[in-house]
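Asker: Provided below for reference: sequence and predicted model.
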Amino acid sequence: MKVTLQLVIEAENGTPTTVQEVGQLEREGLQPESLGLKLDEAKDLLQALQRVLVEEQVRAALAQQAPCPQCGAVQRHKDARTIAVRTLFGILRLPSPRWYRCRCRPAETQTFSPLAELLPERTTPELLYLEAKFAGLVANGLSAKLLGEILPLGRPLHASAVRRHVQTTAQRLEDELGSEQAMFLEGCQREWDGLPRPELPLTVGLDGGYVHACAQRSKREGWFEVIAGKSMPAEGPARCFSFVQTYDTKPKRRLFELLKSQGMQANQQITFLTDGGEDVRELPLYLNPQAEHVLDWFHLAMRLTVMGQMAKGLGSGGREDLGSEAARQLERLKWCLWHGNLFRALQIVEDLEEDLQLEEAGPEQRKLLRALREFDGYLRANGAWIPNYGERQRNEETISSAFVESTINQVVSKRMVKRQQMRWTPRGAHLLLQVRTRVLNEELRAAFRRWYPRFDHVADGRELAA
């Protein structure tokens, strides 16, 4: 069996219909390996089809640009060059003529290249989109291999090219972000009260993780912190965001735009849960007048558990009474914090510090004392954000940012830390995180639609049916 594939071009300006052959297929019998199209055949057909289609598109575009738009005179030809455009189906080398500008209108230059003006970018949006999408999920090298395996790219796609294109896409996303502000509260209470009834409360969790720096010389140095968060509405999909705090200059704007995209109103309740670190403590301030800030119970309980293990270790040094008393006081401390009694909790910490300040203190005792002093400063810095956790739990309100731990793993660790030998600059990590969060939030395609209006264009029902 022999099959010939032809392309029929129907022009809209009355030009006769043309038919061009794009390929032939031969089959003998029916076997599993000969059923339908093979990958190599599909690649060859796509390349041939695109070559014919692009030739017709370029011819029609140049014919439309040839007359002067003001006087209608045909613009004179000067010379011709070749431009290369990288697409999903191969590299196109297109003849680009250069014309003299018509003298009927003044211009800064005497010549111009109409095709170069129509195609200012040398990589098609669909290829940029797929590179960014796959690179946001897996390593740049794997993304390049995957795209080269399934698409007729024309020549090998290198990881460096993928990284460069991803950073260009991310920088374009960054340029769209508004300027940073100290606060985002607008209007007054009367205006907020007059707003429509808001949706159910939003819950936002913030936490930090670490990635390898490119200048890392050992396992204990050369790390920098990445902040990640997730916003979970009562109804609808959750969305995540991330940034490198030492590089990003607009973290509050980034969080505000995320909440705004989820329909946040000034009269809507929002609960922010953080671990109390200095890098995230002030980030959610002045974003919403109805915002509630809560210190995450998970991090409080984790610190108390570590100190409880230290107290148990005091008994091995011949101070069983001191160890058991310290463990009992730590349980009281946990109970006070669970019920939001910060005043009594600070008193217990001070009493424990006095009991442990002995002249003949052992190393375990000094270690616990240092941990208590650090915990005392932690409570005083975050005391305003410690609620009655027991009451909140009985009211089925969120008290833990454990869901953010999974966000750190999903956004940062899986792509940049776990089983990865990559080293990052703050800028490179930050830009990749902007693309990765858009991919995870399923927002990257919407961004390309915004930049390229015909990115997903369907002209009529015939194309949709096809």
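Answerer: Yep, it's here.
Asker: what's the distance between Ala238 and Thr111?
Answerer: Applying CB to CB, to the nearest Å, the value for Ala238 to Thr111 is 54 Å. All C-beta atoms are positioned from the backbone trio N, CA, C, and that covers glycine.
Asker: what about these two, which has more around it?
Answerer: Of the pair Ala238 and Thr111, Ala238 is the one with more neighbours under other CB atoms under 10 Å, namely 17 against 14.
Asker: which parts of the stretch 201-350 of the chain are helices?
Answerer: Under the criterion DSSP state H, counting those that start in this stretch, the stretch 201-350 of the chain contains helices at 251-261, 278-281, 297-313, 320-338, 342-356.
Asker: right, so of those, which gets closest to Arg438?
Answerer: For these, the distance to Arg438 is smallest for helix 251-261, at 11.1 Å, taking CB to CB.
Asker: flag every buried residue along that closest one.
Answerer: Buried residues in helix 251-261, counting neighbours by 16 or more other CB atoms under 10 Å, are found at Pro251, Lys252, Arg253, Arg254, Leu255, Phe256, Glu257, Leu258, Leu259.
Asker: if you skip the residues just before and after it, what's nearest to the last one?
Answerer: This points to Leu259. In space, and not counting its chain neighbours, Leu259 is closest to Ser231: 6.2 Å by CB to CB, 6 or more residues apart in numbering.
Asker: from Gln290, how far off is the one you found?
Answerer: Distance from Ser231 to Gln290, by CB to CB: 15 Å.
Asker: re earlier: which one of the helices of the stretch 201-350 of the chain has the lowest average pLDDT?
Answerer: Across the helices of the stretch 201-350 of the chain, helix 278-281 has the smallest mean pLDDT, namely a mean of 80.
Asker: quick one: contacts of that helix?
Answerer: Leu206, Asp207, Gly208, Glu225, Ile227, Gln245, Thr274, Ala381, Asn382 (CB atoms under 8 Å, 6 or more residues apart in numbering).
Asker: same question for stretch 339-355.
Answerer: The contact list for stretch 339-355 (CB under 8 Å, 6+ apart) reads 322, 325-326, 329-330, 332-333, 336-337, 369, 372-373, 375-376, 379-380, 383, 386-391.
Asker: what subset of those is buried?
Answerer: For these, a burial check counting by 16+ other CB under 10 Å picks out 322, 326, 329-330, 333, 336-337, 369, 372, 375-376, 379, 386-387, 389.
Asker: which pair of those spans the longest distance?
Answerer: Going by CB to CB, the pair spanning those furthest: Leu322 and Pro387, at 32.5 Å.
Asker: alpha carbons of stretch 73-92, as CSV, please.
Answerer: Output of stretch 73-92 as CSV, limited to C-alpha atoms (Å, rounded to 0.1, in the frame of the first residue of the first chain):
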residue,chain,number,x,y,z
ALA,A,73,3.8,52.5,-4.5
VAL,A,74,5.8,49.3,-4.6
GLN,A,75,8.9,49.6,-2.3
ARG,A,76,12.2,49.1,-4.0
HIS,A,77,14.3,46.0,-3.3
LYS,A,78,17.8,46.5,-1.9
ASP,A,79,19.2,43.1,-1.0
ALA,A,80,18.2,39.9,0.9
ARG,A,81,19.5,38.1,3.9
THR,A,82,18.5,34.9,5.8
ILE,A,83,17.0,34.7,9.3
ALA,A,84,16.8,31.5,11.3
VAL,A,85,13.8,30.8,13.4
ARG,A,86,13.7,27.8,15.8
THR,A,87,10.4,26.0,16.0
LEU,A,88,8.9,22.8,17.4
PHE,A,89,9.3,21.2,13.9
GLY,A,90,12.8,22.2,12.9
ILE,A,91,14.9,25.3,12.2
LEU,A,92,13.5,27.5,9.5
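Asker: show the pLDDT at Asp316.
Answerer: Quick fix: residue 316 is Ser, not Asp. 59.
Asker: His77 now?
Answerer: So His77 comes in at 89 (pLDDT).
Asker: quick check, it in contact with Ser96.
Answerer: No: between His77 and Ser96 there is no contact under CB atoms under 8 Å: 11.8 Å.
Asker: those two - which one has more neighbours?
Answerer: The neighbour comparison of His77 against Ser96 (other CB under 10 Å) goes to Ser96, with 19 against 12.
Asker: A strand includes the more buried one, no?
Answerer: Yes: under the criterion used here (DSSP: H, G, I helix; E, B strand; the rest coil), Ser96 sits inside a strand.
Asker: beta partners for it?
Answerer: For Ser96, the beta-bridge partners are Arg81 (DSSP bridges).
Asker: list the contacts of it.
Answerer: So, once contact is read as CB under 8 Å, 6+ apart, Ser96 ends up touching Ala80, Arg81, Thr82, Ile83, Ser113, Leu115, Ala116.
Asker: Val244 versus that one, what's the distance?
Answerer: Using CB to CB, Ser96 is found at 40 Å from Val244.
Asker: of Ser231 and Gln290, who's got more company?
Answerer: For Ser231 versus Gln290, neighbours defined as other CB under 10 Å are more numerous around Ser231 (23 against 16).
Asker: ok, that one touching Pro201?
Answerer: No: when contacts are counted by CB under 8 Å, Ser231 is not listed as touching Pro201 (11.2 Å).
Asker: including distance to Gln434, could the buried residues of helix 251-261 go into a markdown table?
Answerer: Listed next are these as a markdown table, based on distance: CB to CB, whole Å:
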| residue | distance to Gln434 |
| --- | --- |
| Pro251 | 12 |
| Lys252 | 16 |
| Arg253 | 13 |
| Arg254 | 9 |
| Leu255 | 13 |
| Phe256 | 16 |
| Glu257 | 12 |
| Leu258 | 12 |
| Leu259 | 17 |
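Asker: of the residues you listed, which pair is most distant in space?
Answerer: Spanning the widest gap among the buried residues of helix 251-261 are Pro251 and Leu259, at 13.0 Å by CB to CB.
Asker: buried residues in stretch 55-74?
Answerer: For stretch 55-74, burial by neighbour count (16+ other CB under 10 Å) applies to Glu56, Val58, Leu62, Gln65, Cys68.
Asker: my bad, stretch 416-429
Answerer: Buried residues in stretch 416-429, counting neighbours by 16+ other CB under 10 Å, are found at Met416, Val417, Met422, Trp424, Pro426, Gly428, Ala429.
Asker: that's a helix at the last one, yeah?
Answerer: Yes: under the criterion used here (three-state DSSP), Ala429 sits inside a helix.
Asker: residues contacting it?
Answerer: Contacts of Ala429 (CB under 8 Å, 6+ apart): Val211, Phe224, Val226, Val244, Tyr247, Met416.
Asker: going through the residues you listed, which ones are buried?
Answerer: Val211, Phe224, Val226, Val244, Met416.
Asker: restricted to strands, list these.
Answerer: Val211, Phe224, Val226, Val244 (DSSP state E).
Asker: now the nearest residue to the second one once chain neighbours are set aside, which residues is it bridged with?
Answerer: Nearest residue to Phe224 in three dimensions, chain neighbours excluded: Ala213, at 5.4 Å (CB to CB, 6+ apart). According to DSSP bridges, the residues that bridge with Ala213 are Trp424.
Asker: my guess is Ala213 meets Met422, correct?
Answerer: No: assessed by CB under 8 Å, Ala213 is found out of contact with Met422, at 10.7 Å.
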